[in-house]
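> sequence plus predicted model, see below.
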Amino acid sequence: MIQAALGFAGLTLRGLIGGRRATAAAVLVLAPPFFALIASMFGKHVDPVKLFHGFMFYFSLWFVIYLLSLIYGISMSIGEIEDGTAGYLYLSAVPKWLIVLIQMGVTTAALSAMLFVNLLLTGLAASYGRELVPNLLRDVVSCTLVGGVGIAVSLGYYVTCGLTFRTPTGALAAALFPTFFWEILVTSWPMKFAEYTLTNNLRGMLLPMVFNNSRGPLYRYVVNFHLPDYGEASMFLSILMGLFLITAMIAAMNRSIEGKEAR
Amino acid sequence: MIVEADHLNKWYGRVIALNDVSMRIEPGITGLLGPNGAGKTSFMRILIGLMRESSGEMRVLGESPWNNPKLSVRIGYCPEHDGFYEGMTGMQFVTALARIRGVKDPVAAAKRAVDWVRMAEASDRKILTYSRGMRQRIKIAQAVVHKPELLVLDEPLTGSDPIVRQELIGLIKAFAQEGGSVIVSSHVLHEIEQLTRRIVLIHRGRLVAEGDVGQIRDLIDRHPHTVEVKSDRPRDLAAALAREPEVVEIRFDPSAVWVRTPKPDAFYSKLPRIALDAGAEVKEISSPDDNLEAVFRYLTET
């Protein structure tokens, strides 16, 4: 059983490396440092700290974590079913719920590592030709930990979608609609519901860890809603993470691998 | 019994894939025969536990296959469609699957399985570069790597060239001779005939017949068989054929003659002489009925 579980971990890691999704992930990871480098090379009055924090706040901890989770969450669920590889995985010595748990654990760790690289390179790129961003490593590690929670939550949701819907189109629609409506639109609107978005809870956790509880210009939009503090945010995200993890495991236990002949 | 299906039903929305299928399959090789879309794959997927039945009961090796990992590792499955981690080598693929099935020494087991399907030389190449026959063999290798008691093969011979086909037939028979049971599906009767005499016929989700392949052949042979003969002089050929007792119905157009005969073997042996006597050149002989869909039409009409 343990060997079989380790086998799954290895297989999941291999799946992360190859194919078009790995290329897309590489682009996502390397785009913010690339643009940060362009800005610091050609910008005139660039403040490396503001540049790094801006990229971290608006790109890495917003678009990057959702898109990475979306790519891998969908591919490890309905992607495997469509490719025909899920049949091999589900005929193993490991129960389906544990397969999902292992896949999500390994993927969350791997995507967090990608986020770490992304943040570190962005910080270094923002410092190009200038003094290194102060507390860079602390900020990168803190943001990686917070981002890792965000990855685990969103991955759980996307895997649930991928295992619940019978077609890739259905799964993608179910995955993308809340991402764009809830996490992008509602997060940016100064309205009460914004305190229940994943993004704003991550930002709530980030405030004491990176910004020393001082709401600088990045938090200026927080006007009409209460930004969760560290404790509230960690509670909210823990509940959400547990909920989506359980729904993903239940979905795996109930998912028939029907194949294309069923449609 | 290795498989017991009891009033098994499977629906995909409004589409019925399996309709009240009850059967018992004994150890040995059993052929699951049916045209494309008959429900063979659905039956197999329920049998191996990948899919849950809508109603009824399936028991494999005495256990329910759904969400049963202990049973899963007693079954080997070779799917019809190619689904691989293309970036892996054949050996890596088989080793990885041996590992997740709890095989104690996965590398040694994979090597044994790869040798068994005669893929040792190509096993270090990426699956991406494999031919159709190699892919089939590596799929069989992963299906047997954990030494299952039951091997389930979904259309394993489809698309293979004659040489690969004979090799695969040899492997399947060898597995059965070593004491394993095999359930193999196909939509081609003579493929199944080369593997086993025991067949189960499925058509439109229903169990149509089961038994010895000879009995099924007899059943089929009671019904007139249509033969299309393309010729340069179809009228003359039709006139000559009309005098033969084996021919029960005949029609022709400017390029071909269609004959219905209850004795196709006798007809085929007489045809060259009849054509020669009529001075007609036979360009092509084919049997529109020589496909499983027509056979099943016969069977379901009786």
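Alright, I've got the coordinates. Keep in mind that this is a model prediction, so the values were computed, not measured.

> list the contacts of the residue of chain A found nearest chain B.
Using C-beta to the nearest C-beta, the single residue of chain A nearest to chain B is A:Gly84, 2.1 Å away. Any C-beta I mention is one placed from the backbone N, CA and C, and that applies to glycine too. Residues near A:Gly84 by C-beta atoms under 8 Å, 6 or more residues apart in numbering or on different chains: A:259, B:79, B:81-84.

> what about residue 62, neighbour count?
With no chain named, the answer covers chain A. 21 (other C-beta atoms under 10 Å in any protein chain shown).

> sorry, should have said chain B
As a burial measure, B:Gly62 scores 9 neighbours (other C-beta under 10 Å).

> enumerate the residues of the stretch 51-200 of chain A near chain B.
Contact residues, the stretch 51-200 of chain A versus chain B (C-beta under 8 Å from any C-beta of the partner chain): A:83-96.

> quick check, nearest of those to B:Ser131?
A:Gly84 (18.2 Å; C-beta to C-beta).

> for the chain, which segments are assigned as helices?
Unless you meant another one, I'm taking chain A. Ranges of helices in chain A, per DSSP state H, are A:2-17, A:19-42, A:48-55, A:65-74, A:80-83, A:86-90, A:96-126, A:136-164, A:168-178, A:187-188, A:198-210, A:230-254.

> hmm, no, I was thinking of chain B.
B:40-48, B:69-72, B:90-100, B:106-116, B:132-144, B:162-177, B:189-195, B:213-221, B:234-241, B:264-278, B:292-301.

> between these, which gets nearest to chain A?
When the helices of chain B are compared by C-beta to the nearest C-beta, helix B:90-100 sits nearest chain A, at 3.2 Å.

> skipping its backbone neighbours, what lies nearest B:Leu207 in space?
Excluding the flanking residues, the one nearest B:Leu207 by C-beta to C-beta, 6 or more residues apart in numbering or on different chains is B:Val21, at 4.9 Å.

> check A:Val29 too.
A:Asn118 (4.5 Å).

> what's the burial count for A:Phe181?
10.

> likewise B:Gly205?
Going by other C-beta under 10 Å, the residues that sit close to B:Gly205 add up to 23.

> now do B:Gln166
B:Gln166: 13 neighbours (other C-beta under 10 Å).

> now do the same contact list for it.
With contact set as C-beta under 8 Å, 6+ apart, B:Gln166 has no partners.

> can you tell me how far it sits from B:Ser160?
9 Å (C-beta to C-beta, to the nearest Å).

> kindly report the same for B:Ala141.
Taking C-beta to C-beta, one finds B:Ala141 at 15 Å from B:Ser160.

> more crowded one of those two?
The residue with more neighbours, out of B:Ala141 and B:Ser160, is B:Ala141; 29 against 20, by other C-beta under 10 Å.

> tell me the contacts of the more buried one?
B:90, B:94, B:110, B:113-114, B:116-117, B:119.

> in ChimeraX, how would I select just the buried ones from the contacts of A:Gly84?
Remark: buried members of these, expressed as a ChimeraX selection using 16 or more other C-beta atoms under 10 Å in any protein chain shown:
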select /A:259 /B:79,82,83,84
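
> closest to B:Ser231 among the contacts of A:Gly84?
Nearest to B:Ser231 among the contacts of A:Gly84: B:His81, at 40.6 Å, using C-beta to C-beta.

> leaving out the residues flanking it, which one is nearest to that closest one?
A:Gly84 (5.1 Å).

> ok, B:Glu86 next?
Per C-beta to C-beta, 6+ apart, closest to B:Glu86 is B:Leu128, 4.4 Å.

> any idea how far the one you found lies from A:Gly84?
15 Å.

> one more: A:Arg203?
41 Å.

> also A:Leu13?
From A:Leu13 to A:Gly84 the distance is 20 Å (C-beta to C-beta).

> just B:Arg273 next, same as before
From B:Arg273 to A:Gly84 the distance is 51 Å (C-beta to C-beta).

> which residues are contacting stretch A:213-229?
A:53-54, A:57, A:188, A:190-195, A:200-201, A:203-204, A:207-208, A:211, A:236.

> then that stretch to CSV, C-alphas only?
The C-alpha coordinates for stretch A:213-229 follow below in CSV (Å, rounded to 0.1, in the frame of the first residue of the first chain):
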residue,chain,number,x,y,z
ASN,A,213,0.1,45.2,9.2
SER,A,214,0.5,48.5,7.4
ARG,A,215,-2.0,49.0,4.6
GLY,A,216,0.0,50.7,2.0
PRO,A,217,-1.2,51.7,-1.5
LEU,A,218,-1.8,48.0,-2.5
TYR,A,219,-4.6,47.8,0.1
ARG,A,220,-6.2,51.2,-0.7
TYR,A,221,-9.2,49.6,-2.3
VAL,A,222,-10.3,48.0,1.0
VAL,A,223,-12.9,50.6,1.8
ASN,A,224,-16.4,49.1,1.9
PHE,A,225,-15.6,45.7,3.3
HIS,A,226,-13.8,44.3,6.3
LEU,A,227,-10.5,42.7,5.2
PRO,A,228,-10.2,39.5,7.2
ASP,A,229,-7.3,39.5,9.6
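
> grab the nearest non-local neighbour of B:Leu50.
B:Leu50's closest residue in space is A:Ile257 (C-beta to C-beta, 6+ apart), at 4.2 Å.

> can you tell me how far the closest residue to B:Arg137 other than its chain neighbours is from chain A?
Nearest residue to B:Arg137, sequence neighbours excluded (C-beta to C-beta, 6+ apart): B:Val117, at 4.1 Å. Per C-beta to the nearest C-beta, to the nearest Å, B:Val117 is found 16 Å from chain A.

> list the contacts of the residue of chain B found nearest chain A.
Closest to chain A within chain B is B:Gly83: 2.1 Å, counting by C-beta to the nearest C-beta. Contacts for B:Gly83 (C-beta under 8 Å, 6+ apart) come out as A:83-88.

> mind putting these into TSV with pLDDT?
Shown next, in TSV, are these (pLDDT from 0 to 100):
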residue	pLDDT
A:Asp83	83
A:Gly84	83
A:Thr85	85
A:Ala86	86
A:Gly87	86
A:Tyr88	88
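
> pLDDT weak spots in the chain?
You didn't say which chain, so I picked chain A. A:259-263 (pLDDT under 70).

> wait, chain B
B:159, B:162, B:217, B:219-223, B:287-295, B:297-302.

> what does it have sitting close to chain A?
B:12, B:17, B:37, B:41-42, B:45, B:48-52, B:67, B:69-70, B:72-73, B:75, B:77, B:79, B:81-88, B:96-97, B:99-102, B:104, B:106, B:142.

> can you rerun that using 6 Å?
B:12, B:41, B:50-52, B:69, B:72-73, B:77, B:79, B:81, B:83, B:87, B:96-97, B:99-102 (C-beta under 6 Å from any C-beta of the partner chain).

> can I have the buried ones of the residues you listed as a ChimeraX selection?
To isolate the buried subset of the residues of chain B next to chain A in ChimeraX, counting by 16+ other C-beta under 10 Å, use the following:
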select /B:41,50,51,52,69,72,73,77,79,83,87,96,97,99,100,101,102
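
> picking up where we left off before, and the residue nearest to A:Val29, how close does it get to A:Gly15?
Counting by C-beta to C-beta - A:Asn118 and A:Gly15 are separated by 20 Å.

> next: A:Leu61.
Taking C-beta to C-beta, one finds A:Leu61 at 25 Å from A:Gly15.

> for B:Arg165, same thing?
In terms of C-beta to C-beta, B:Arg165 sits 33 Å off from A:Gly15.

> who has more neighbours out of A:Asn118 and A:Gly15?
The neighbour comparison of A:Asn118 against A:Gly15 (other C-beta under 10 Å) goes to A:Asn118, with 28 against 24.

> the nearest residue to A:Gly156 once chain neighbours are set aside - how many residues pack around it?
Counting by C-beta to C-beta, 6+ apart, A:Gly156 lies nearest to A:Phe244, which is 2.8 Å off, once chain neighbours are set aside. Look at A:Phe244: counted by other C-beta under 10 Å, it has 22 neighbours.

> hang on, A:Phe244 packs against A:Tyr157?
Yes. Applying C-beta atoms under 6 Å as the test, A:Phe244 and A:Tyr157 come out as touching, 4.9 Å apart.
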